[in-house]
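Peer 1: 3D, please:
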Amino acid sequence: MVLRAGGDGPVETAVVFNGCIYNHRELRGELSALGHRFTSDHSDTEVLLHGSSHWGRELPTHLDGMFAYAAWDRRNNRLRLVRDTAGEKPLYYCTFAGEEKRSHFAFASTVPALVSLLRLATGRSPEVCKHRLLGWVLMGFSHETPYTSVHSVFPDHTVVVEPRGPNSLHWRFTTESWQRGVPRSRQEVTGEREPIEAVLSRSVASRLEADVPLGCFLSGGIDSPLIAALAKRERPDLRTFTVHMPDARYDESAQAELIARALGTRHTTLDGEANPASDLIALVAQLGLPLGDSSLLPTHWVSRATRQHAVVALSGDGGDELFGGYRRYAAAKWLSRFGGWLGLLPISMLRSGDGRSRREMLARLSAAARGWGYPDLVAIFPKAMAQRLLPKLGSIACPRIFATDDGDAQHWDFTTYLPGDLLRKVDTASMAVALEVRAPFLSRELIQRQLGAPASGYGKTELRELARSILPAGVADAPKSGFAIPIGDWFRTNFGGMRDLMHAKLDTPDGLDPLRAVLPINHRRVGAMVREHEAGERDHSQRLYHLIVLSLWGSSR
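Peer 2: Next comes the predicted model:
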């Protein structure tokens, strides 16, 4: 969309936009009062266009939404690439040499689009950066792409692109965090902390506006039921959806049906139609990145099933990071206080074949104390395992982008794990079937409220108190159950062809050759992990899954 000077004059501003601006009507009224004239009565893209012309670099501080946009300012010969606070929508860019040694610039919402462009322009695939790829191997996610020439706009950041001079053939890049200018929250201004129900209710209401069928994901936890309960107040005919999982241990459909019945929503339990091997191959190709989170599969299945009934769905994403939903936050406090003592525990005596056992968790805590601290708890390959997988690298330091203070675990998760893994997963899984997922927990107001207060610690106390007042009895105190699949069992039983895919990719060096050309992965260690897992000696579920993903990505790039 473009804005012309004097109606039919030259283009002053142009905007390319991906996402949704939830407060666009309020901004439209404000801009109209300032003299701006709109040609539509509902377009959030047009609001971005006029807002960019009026506020320039300050525009993102006025927005509540999920967005990635590019705004071209003709008068100043300047392009701004902007990404939302939490990182719900992705945005990537690259440069490449063209004719007359002129440097060309491109941006896109997906990595494969830029990789394909670089292949066409240069005749070869973009180079993989060893240090960036290492981060992906260790953690299973990263803000950066593995490529030297393909970059990511970080959440709550703007990348400003300008020619180096009047007749320059090259570009100058400036990165700035626009959050520095975000207006202060009510809590910071008055010292008052508004009740969570009021803030969350406004956030939910703002995300219900849609001229297409809308629904809400519903699980057996408390995050999505809270969203559904508040949405039901605004939309009495609200539809809710749960996917039936193929393994009863991970199936929350019965609990979700009870919650839906108590809330009075029009509920549907969906068949996920799980085809893990073929779905995984397609999703890795679409994403173009080696994302190591196996919950990508069930997220895709629920999105695919929901898309048959709705075009927009509300989710509970962000609740754990903002309100302390992970048990590892308690572990982070132990690491911060007693890391020296924990590092003395005999790890080998604590290991078990059950990845969820207390002994195994204590072993991981001890290993983290000897390793990278809190990032070690999140890593797919923590320090000790990484050195066995990549012995030729010697002692492996935690990549700088993942460094953190163990006492600041929640902030680390919000700024690193949430955008790098969870939101990228949701965007990929839902966009594959053209479903728009909106996350009320990630409103600008709610983020300001939570990040402006001391870390809540483990337990989601504030949300549970709210849940006790508006959800059915017993829901608020139900144990947390992540959106997981029994991927380890599927490797042993060959459900959906997963064992066949594992052996095809990991049994011979060929499957990992594209990676070994960049990083010296020890194939013998990979083979030992396969054998240990199949024999039930160790639980390597997520590590084997991630190695398969790395192999699929490496062979398709």
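
Peer 1: Would you mind giving the domain segments of this protein?
Peer 2: 2-181, 193-324+410-470, 327-403, 486-557 (automatic domain parsing).

Peer 1: quick one: which of the ones you listed is nearest Ala478?
Peer 2: domain 193-324+410-470 (6.6 Å; CB to CB). All C-beta spots, glycine's among them, are computed from the backbone N, C-alpha and C.

Peer 1: looking at the protein, which helix or strand is least sure?
Peer 2: Every helix and strand of the chain was ranked by mean pLDDT, DSSP states H and E. The lowest is helix 186-190, at a mean of 48.

Peer 1: Past that one, which element shows up next along the chain?
Peer 2: helix 196-206 (DSSP states H and E).

Peer 1: for that following helix, which positions count as buried?
Peer 2: The neighbour-count check on helix 196-206 (16 or more other CB atoms under 10 Å) flags 196, 199-206 as buried.

Peer 1: ok, and for the longest strand along the chain, which residues are buried?
Peer 2: For the chain, the longest strand by residue count, based on DSSP state E, is strand 11-21. For strand 11-21, a neighbour-count test (16+ other CB under 10 Å) marks 12-21 as buried.

Peer 1: same question, stretch 125-140
Peer 2: Result for stretch 125-140 [16+ other CB under 10 Å]: buried residues 126, 128-129, 132-140.

Peer 1: Keep only those of these that are in helices.
Peer 2: In helices, defined here by DSSP state H, the members of those are 132-139.

Peer 1: doesn't Ser430 make contact with Gln286?
Peer 2: No: look at Gln286 against Ser430 with CB atoms under 8 Å: they stay out of range, at 11.4 Å.

Peer 1: So for these two, which residue has more residues nearby?
Peer 2: Counting neighbours by other CB atoms under 10 Å for Gln286 and for Ser430 shows that Ser430 has the greater number, 22 against 16.

Peer 1: Can you give me the distance of the residue nearest the centre of the chain to Ala467?
Peer 2: The centre of the chain sits closest to Leu423, judged by CA atoms, centre = their mean, with a distance of 2.0 Å. Applying CB to CB, to the nearest Å, the value for Leu423 to Ala467 is 23 Å.

Peer 1: Can you measure across stretch 319-329, start residue to end residue?
Peer 2: End-to-end distance for stretch 319-329, by CA to CA, to the nearest Å: 14 Å.

Peer 1: got the contact list for that stretch?
Peer 2: The contact list for stretch 319-329 (CB atoms under 8 Å, 6 or more residues apart in numbering) reads 222-223, 226, 374, 377-378, 409-410, 413-414, 417-418, 441, 446-447, 450-451, 455-463, 480.

Peer 1: again, only using 6 Å
Peer 2: Residues outside stretch 319-329 that contact it (CB atoms under 6 Å, 6 or more residues apart in numbering): 223, 377, 409, 413-414, 418, 441, 450, 456-460, 463.

Peer 1: for stretch 231-241, same thing?
Peer 2: 204-205, 208, 215-216, 218, 228, 260, 263, 265-268, 270, 306.

Peer 1: Buried residues of that stretch, list them for me.
Peer 2: For stretch 231-241, by 16+ other CB under 10 Å, it's 231-232, 238-241.

Peer 1: just those now: which is nearest Pro112?
Peer 2: Closest to Pro112, out of all of these and judged by CB to CB, is Phe241, at 28.8 Å.

Peer 1: now the helices: where do they sit in the stretch 151-300 of the chain?
Peer 2: Per DSSP state H, counting those that start in this stretch, the stretch 151-300 of the chain carries helices over the ranges 186-190, 196-206, 223-234, 253-263, 276-287, 296-306.

Peer 1: Please tabulate those in JSON lines and include distance to Ala473 as additional columns.
Peer 2: Converted to JSON lines, these look like this (distance: least, CB to CB, whole Å):
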{"stretch": "helix 186-190", "distance to Ala473": "31"}
{"stretch": "helix 196-206", "distance to Ala473": "18"}
{"stretch": "helix 223-234", "distance to Ala473": "13"}
{"stretch": "helix 253-263", "distance to Ala473": "9"}
{"stretch": "helix 276-287", "distance to Ala473": "36"}
{"stretch": "helix 296-306", "distance to Ala473": "26"}
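
Peer 1: between those, which gets nearest to Gly511?
Peer 2: helix 276-287 (13.0 Å).

Peer 1: Pull the most distant pair out of the contacts of stretch 231-241.
Peer 2: Farthest pair in these (CB to CB) is Ala205 and Leu270. Separation: 25.8 Å.

Peer 1: Same list (the ones in helices among the buried residues of stretch 125-140) but as a markdown table, adding pLDDT.
Peer 2: Output for those, formatted as a markdown table (pLDDT from 0 to 100):
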| residue | pLDDT |
| --- | --- |
| Arg132 | 95 |
| Leu133 | 96 |
| Leu134 | 95 |
| Gly135 | 95 |
| Trp136 | 97 |
| Val137 | 97 |
| Leu138 | 96 |
| Met139 | 96 |
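
Peer 1: TSV please, covering those and showing distance to Pro290.
Peer 2: Listed next are those as TSV, based on distance: CB to CB, whole Å:
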residue	distance to Pro290
Arg132	11
Leu133	8
Leu134	12
Gly135	11
Trp136	5
Val137	8
Leu138	11
Met139	10
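
Peer 1: which one of those residues is nearest Val153?
Peer 2: Arg132 (15.6 Å).

Peer 1: Next up, the contacts around the closest one.
Peer 2: So Arg132 contacts 144, 146 (CB under 6 Å, 6+ apart).

Peer 1: what's the distance between it and Val518?
Peer 2: From Arg132 to Val518 the distance is 10 Å (CB to CB).

Peer 1: same question, Leu471
Peer 2: On the measure of CB to CB, Leu471 and Val518 end up 49 Å apart.

Peer 1: who's more crowded, these two?
Peer 2: Using other CB under 10 Å as the criterion, Leu471 and Val518 rank with Leu471 on top: 20 against 17.

Peer 1: Isn't Ala367 up against Lys383?
Peer 2: No: the criterion here is CB atoms under 6 Å, and Ala367 misses it with Lys383 at 7.4 Å.

Peer 1: and the gap between Ala262 and Glu465?
Peer 2: 18 Å.

Peer 1: go on, Ala210?
Peer 2: 30 Å.

Peer 1: my read: Pro290 touches Leu550, true?
Peer 2: Yes: with contact defined as CB under 6 Å, Pro290 reaches Leu550; the gap is 4.7 Å.

Peer 1: Got the phi and psi for Arg124?
Peer 2: phi -150, psi 160 (degrees, to the nearest 10).

Peer 1: Could you pull up the residues touching it?
Peer 2: Going by CB under 6 Å, 6+ apart, the list of residues near Arg124 is empty.

Peer 1: now do 10 Å
Peer 2: Leu118 (CB atoms under 10 Å, 6 or more residues apart in numbering).

Peer 1: From Leu118, how far out is it?
Peer 2: 8 Å.

Peer 1: And the strands in the stretch 351-500 of the chain?
Peer 2: Applying DSSP state E, counting those that start in this stretch to the stretch 351-500 of the chain gives strands spanning 436-438.

Peer 1: buried stuff in stretch 460-474?
Peer 2: 460, 462-464, 466-467, 470-472.

Peer 1: hang on, the earlier thing: from the buried residues of strand 11-21, which is closest to Ile281?
Peer 2: So of the buried residues of strand 11-21, ranked by how close each gets to Ile281 (CB to CB), first place is Asn18, at 25.3 Å.

Peer 1: Who does the spatially closest residue to Thr122 that is not a sequence neighbour form a beta bridge with?
Peer 2: Among residues not flanking Thr122 along the chain, Phe96 sits closest, at 6.0 Å (CB to CB, 6 or more residues apart in numbering). Note on Phe96: beta-bridge partners by DSSP bridges are His104.
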